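**Student:** starting from these lines, generate the structure:
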Amino acid sequence: MISEVLHYLFSPHTLLLLALGTWLGIVIGAIPGLTGAMLIALSLPLTFSMDGTDALSLLIAMYVGSVSGGLITATLLKMPGTPSSIMTTLDGYPLAAKGSPGRALGLGISASGMGGLISWIFLATLAAPVAKFAHHLGPFDFFALIMMAMALIALVGESMLMGLLSGFMGILFSMPGFSPSSGEARLTFGYAEMNDGFKLLPLMIGLYAIGEVVIMLRKTEQEVEEIKVKPTGLWMSLSDWKKYGFNIFRSSLLGTWIGALPGIGANVGSVTAYTLAKKASKEPEQFGHGSEEGIVASESANNATVGGALIPLLAMGIPGSVVDAILLGGMVIHGLQPGPLLMTSQPEAVWSLTGAMLISNFMMIGLMVLSVGWLSKLAKIPKTFLVPAILVFCIIGSYGLSNRMFDVWVMIAFGL
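**Tutor:** Okay, the predicted model is just below:
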């Protein structure tokens, strides 16, 4: 099995797919307003004709790239490309404005790579034991996991009431269709299209693509002076690794743990690690004014959530974040049923996807260092070009799932 997995991962076809996915993720992550969830949701319909492992490797590479790409515009333009890069903005831009843009980007890119590598180690070592443990879980245990996810959703946001309301609305929208226990149609209101319930893909495209487009249209343009950067100082020295090694390891552990919790995400991991680093720092007053510790903590944590979130997805079929929920739908569409049996029924696919994440992390580091000089210019793309193109892909993606307009109306409804 190991030889087959290695042969697949290092074939020119797979390496090209991973490079393409990582590159697209970085580009979309660097454009403020566009997110990895949007990219993966729009790309999923394009993978229907692909081999399942190829398709999911491509989507995982996009996942890795999109989480990392946001740090470039956050550092050079004070405009976080993704929500997970908001904390990086607080220290990345001030440090770059002081005349050290290469230093700020180098710390962020190196911390991102290490965060992804550390979380991959946990993914590779824990996914199989967790899957074996999941064999012993019964209905009560899964009910407890769902209740824990609901509690986390309620606690993470600013309002507990709104968190609970959003969670229960999610449960309500999952009810239409045939009941898994009785087989009877429920909450279909006489519409035959509702017999199968709301499809995950149009729903996700509506929430995380159409929704983002509406937010983009409402926001006013924020003019910030662009900081030029040269490819010097983009690598951490040995003394830097000694100085920030513990911070990277601590933040990566925290990011991995938060990523594994259902319904949280990279932005919470970033905020939590940043807060902990500030409390543990000998110079907390520097945070928000160009602290190198803050950049390292934020970037290592948000990238570590990727590997952490894949652990419950592959081992138990429970998505740890929005992107993982879309990946869950992609796995089902391509014939891979995530959960405890996946490890025993299709181990080659599991280890291929695990290896794809590792290779994508190394590719992310190389691609970002090579192209960091012009990636920040992506934030200057006018919305008049971005919005129509996104809307066209949204409609094509939703319609292409089952070739019916009902899914397009579902997408628009959830977007609004």
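**Student:** for the stretch 251-400 of the chain, which segments count as helices?
**Tutor:** 266-280, 292-316, 322-333, 342-345, 347-375, 383-402 (DSSP state H, counting those that start in this stretch).
**Student:** the residue lying farthest from the centre of the chain: what's it in contact with?
**Tutor:** The centre of the chain is farthest from one residue, residue 190, which by CA atoms, centre = their mean lies 37.2 Å away. Counting by CB atoms under 8 Å, 6 or more residues apart in numbering, residue 190 touches no other residue. Bear in mind the C-beta positions are built from the backbone N, C-alpha and C, glycine included.
**Student:** got phi/psi on it?
**Tutor:** Taking degrees, to the nearest 10, you get phi 80, psi 0 for the backbone angles of residue 190.
**Student:** mind starting the numbering at 765 from now?
**Tutor:** With the count now opening at 765, the last piece we talked about shows up as residue 954.
**Student:** and stretch 1054-1069, how far from the chain's centre?
**Tutor:** Put simply, stretch 1054-1069 sits 16 Å off its chain's centre (CA atoms, centre = their mean, to the nearest Å).
**Student:** what of stretch 808-819?
**Tutor:** 18 Å.
**Student:** distance of the nearest residue to residue 878 once chain neighbours are set aside relative to residue 1118?
**Tutor:** Nearest non-adjacent residue to residue 878, counting by CB to CB, 6 or more residues apart in numbering: residue 1012, 5.1 Å away. Separation of residue 1012 from residue 1118 (CB to CB, to the nearest Å) stands at 22 Å.
**Student:** the more surrounded of those two?
**Tutor:** residue 1012 (27 against 20; other CB atoms under 10 Å).
**Student:** for that one, list the residues it contacts.
**Tutor:** 875, 878-879, 882, 1060, 1064.
**Student:** and for residue 766?
**Tutor:** Taking CB under 8 Å, 6+ apart, we find residue 766 in contact with residue 1115.
**Student:** what's the pLDDT at it?
**Tutor:** Predicted confidence (pLDDT) for residue 766: 79.
**Student:** right, and residue 805 touches residue 1162 too?
**Tutor:** No - applying CB atoms under 8 Å as the test, residue 805 and residue 1162 come out as separate, 9.3 Å apart.
**Student:** excluding its backbone neighbours, what's nearest residue 1161?
**Tutor:** residue 809 (4.3 Å).
**Student:** what distance do you get for the one you found to residue 803?
**Tutor:** Residue 809 sits at a distance of 12 Å from residue 803 (criterion: CB to CB).
**Student:** which of these two has more residues huddled nearby?
**Tutor:** A count of neighbours by other CB under 10 Å puts residue 803 above the other of residue 809 and residue 803, at 27 against 18.
**Student:** okay, the more buried one: pLDDT?
**Tutor:** So residue 803 comes in at 84 (pLDDT).
**Student:** what's the closest non-adjacent residue to it?
**Tutor:** Closest to residue 803 by CB to CB, 6+ apart is residue 792, at 4.5 Å.
**Student:** the one you found: how many residues sit nearby?
**Tutor:** Neighbour count of residue 792, defined by other CB under 10 Å: 25.
**Student:** and residue 1149, by the same measure?
**Tutor:** 9.
**Student:** was I right to think residue 851 contacts residue 1032?
**Tutor:** No - using CB under 8 Å, residue 851 is not in contact with residue 1032; the gap is 10.6 Å.
**Student:** who has more neighbours, the two?
**Tutor:** Remark: of residue 851 and residue 1032, residue 851 carries more neighbours, 29 against 23, as counted by other CB under 10 Å.
**Student:** compute the distance between the more buried one and residue 839, please.
**Tutor:** In terms of CB to CB, residue 851 sits 12 Å off from residue 839.
**Student:** now swap in residue 1152 and tell me
**Tutor:** Residue 1152 is 29 Å from residue 839, by CB to CB.
**Student:** got it, and residue 1056?
**Tutor:** 12 Å.
**Student:** neighbour count winner among those two?
**Tutor:** A side-by-side neighbour count of residue 1056 and residue 839, using other CB under 10 Å, places residue 839 first with 33 against 23.
**Student:** could you find the closest non-adjacent residue to residue 789?
**Tutor:** Nearest non-adjacent residue to residue 789, counting by CB to CB, 6+ apart: residue 829, 2.3 Å away.
**Student:** show me where this protein has strands.
**Tutor:** Using DSSP state E, the strands of the chain run over 941-942, 949-950.
**Student:** where do the helices of the stretch 865-1014 of the chain begin and end?
**Tutor:** Counting by DSSP H, counting those that start in this stretch, the helices of the stretch 865-1014 of the chain are 865-898, 903-920, 924-937, 964-969, 975-982, 1002-1024.
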